[in-house]
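In: Here is my input, please return the structure:
(one chain, ligands or ions: 1)
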Amino acid sequence: MKYLFGPVNSRRLGRSLGVDLVPIKTCSLNCIYCECGETTNCTDAIAEYVPTAEVVDELRECLQACPLLDVITFSGFGEPTLHSGLGEIVAFLRREFPEYRVALLTNATRFDDPDVRRAVLAIDVIIPSLDAAGEDAFRKIARPAPGITAKRIIRGLVELRREYRGEMILELFIVSGINDTEDELKKLKEAIAMIGPDRVHLNTLDRPGAVEWIQPAPMDRLRFVADFLAPYPVEIVGQWRVEGVKVVETRLGEPDEKGRRRPEPIPGSEEILPADVVLLAFGFRPSPAPWFAEHGIAVNSWGGVEVGQPGAFQFQTANPKIFAGGDMVRGSDLVVTAIWEGRQAAEGILDALGV
Ligand code: SF4
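Out: Numbers count the residues shown, from 1 in each chain. This is a model prediction of the structure:
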């Protein structure tokens, strides 16, 4: 695949097929924390950086196989809104594959342009970043192309929010000592009030950035920022380790055409139960977890794990280090069958280890 990547396990979006619309690394910013490294083509010019028709063909071929996805995400090694065919590609997805959610990760530098705003209106969820509202801090973190300012980004986001009906999650990347001072946070809070996103995500460094000296913001600093920005709904998504389990209350919805009432989340009932360690329990449908794809575990059309391919040990999955048995392989069945298959899988592991 030339323009698509994944599916990857996205912390926020689930199992995501990525669409990359610009050559590495074409961006209107050169963020010090960018995990793709230094921007080699720092520009805010809008152009057809890769052929729109080829992207559409690749998407069609991939999606016709009905892959298990939560979302198709415009992201990658640069800024997707710089591509002049973005609107055309979004329209194609809406027309031919309306069953898939579409997301956009963007640095929000081009929403000052009405054509760019129009191009993204049919997207389900937009995650724009805004790392500083003060110009000095913005320049230090984002190292923008000439003419791009924090003011221009905020103005574009305000306009977009006015026109866009989907979900907007504003992402703030915290760089300790630059954008987490009280003065900077006050400016950011004012900007958030003007933009009016649905939620704010606080992020910090997970992987090496474009400069060596950048460090992740400590968790207590992220909490300080989250408290400072209250009452806006702020979630800490950086510092990727377990802090708790988010739960939501449900109630039975209206009967469907077969008379079945399905549980529906009760708005506003979400809460986080603190936890240091979380053990995942698999049901007889493995869902499948997004990390299955990341670790090369093949699943069949209903999401069941495939095991015992020719040449494999018994109950060995497509990842030779992972074995599976029971309901996640055969579907709902007897407990005794699951226990027996667990034992057989253990035998398979011993065979694989040669013991
Ligand atoms: S906007 Fe995104 S792709 Fe561009 S430099 Fe910043 S982090 Fe990297």
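
In: The longest helix along the chain packs against which elements?
Out: Of all the segments of type helix in the chain, defined by DSSP state H, the longest one is helix 335-353. Contacts defined by 3 or more CB pairs under 8 Å, 6 or more residues apart in numbering; DSSP states H and E place helix 335-353 against helix 327-330. No exception for glycine: its C-beta is placed from N, CA and C like everyone else's.

In: For residue 265, give me the backbone phi and psi.
Out: Note on residue 265: backbone dihedrals following degrees, to the nearest 10 are phi -60, psi 140.

In: same question, residue 29
Out: According to degrees, to the nearest 10, residue 29 has phi -130, psi 170.

In: What is the neighbour count of it?
Out: 24 (other CB atoms under 10 Å).

In: do residue 95 as well
Out: Neighbours of residue 95 using other CB under 10 Å come to 9.

In: Could I get the pLDDT score of it?
Out: Looking at residue 95, its pLDDT is 96.

In: where does the chain come near the ligand, residue by residue?
Out: Residues of the chain lying near the ligand by CB under 6 Å from any ligand atom: 27, 29, 30, 31, 34, 36, 39, 78, 79, 107.

In: so what's the fourth one up against?
Out: The contact partners of residue 31, taken as CB atoms under 8 Å, 6 or more residues apart in numbering, are 107, 131, 141, 142, 143, 173, 209, 210.

In: again with residue 271
Out: If you count contacts by CB under 8 Å, 6+ apart, then residue 271 has 246, 247, 248 around it.

In: got it, and residue 159?
Out: 111, 112, 114, 117.

In: how does it look with 7 Å?
Out: 111, 117 (CB atoms under 7 Å, 6 or more residues apart in numbering).

In: try residue 155
Out: Residue 155 touches residue 112, counting by CB under 7 Å, 6+ apart.

In: so what's it scoring on pLDDT?
Out: The model's pLDDT for residue 155 equals 97.

In: again, but for residue 242
Out: For residue 242, the predicted pLDDT is 60.

In: CSV please, covering the residues of the chain next to the ligand and showing pLDDT, distance to residue 19 and secondary structure.
Out: Below are those laid out as CSV (pLDDT from 0 to 100; distance: CB to CB, whole Å; DSSP: H, G, I helix; E, B strand; the rest coil):
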residue, pLDDT, distance to residue 19, secondary structure
27, 96, 16, strand
29, 95, 19, coil
30, 95, 22, coil
31, 94, 20, coil
34, 91, 19, coil
36, 84, 15, coil
39, 93, 19, coil
78, 93, 12, strand
79, 96, 13, coil
107, 97, 16, coil
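
In: Where do the helices of this protein begin and end?
Out: 52-63, 86-96, 114-120, 135-142, 150-163, 182-195, 219-229, 290-294, 327-330, 335-353.

In: Tell me which of those sits nearest to residue 273.
Out: Closest approach to residue 273 among the helices of the chain (CB to CB): helix 219-229, 17.3 Å.

In: Just the C-alpha atoms of the closest one, please, in CSV.
Out: C-alpha atoms of helix 219-229 as CSV (Å, rounded to 0.1, in the frame of the first residue of the first chain):
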residue,chain,number,x,y,z
MET,A,219,1.9,13.2,35.2
ASP,A,220,1.5,15.6,38.1
ARG,A,221,2.1,18.5,35.7
LEU,A,222,-0.5,17.1,33.3
ARG,A,223,-2.9,16.9,36.2
PHE,A,224,-2.1,20.5,37.1
VAL,A,225,-2.9,21.6,33.5
ALA,A,226,-6.1,19.6,33.5
ASP,A,227,-7.2,21.2,36.7
PHE,A,228,-6.3,24.7,35.4
LEU,A,229,-8.4,24.2,32.3
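
In: My guess is residue 172 contacts residue 200. True?
Out: Yes: Residue 172 lies in contact with residue 200 (CB atoms under 7 Å); the separation is 6.3 Å.

In: which one of these two has more residues nearby?
Out: Comparing residue 172 with residue 200 by neighbour count (other CB under 10 Å), the higher total belongs to residue 172, at 27 against 24.

In: List the contacts of that one.
Out: Here residue 172 is in contact with 130, 131, 188, 200, 202, 203 (criterion: CB under 7 Å, 6+ apart).

In: got those residues as TSV, with distance to residue 298 columns?
Out: Formatted as TSV, the contacts of residue 172 follow (distance: CB to CB, whole Å):
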residue	distance to residue 298
130	40
131	39
188	45
200	38
202	36
203	32
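
In: Now compare the residues you listed and name the two farthest from each other.
Out: Top of the distance list for those (CB to CB): 188 and 203, 13.5 Å.

In: Looking at the two, which one has more neighbours?
Out: A direct count of neighbours by other CB under 10 Å for residue 188 and residue 203 places residue 188 higher, at 26 against 23.

In: circling back to that earlier point, closest to residue 123 out of the contacts of residue 31?
Out: So of the contacts of residue 31, ranked by how close each gets to residue 123 (CB to CB), first place is residue 107, at 15.3 Å.

In: just to revisit the earlier point, what's the farthest-apart pair in the contacts of residue 31?
Out: 107 and 209 (14.9 Å).

In: Thanks again, I'm all set now.
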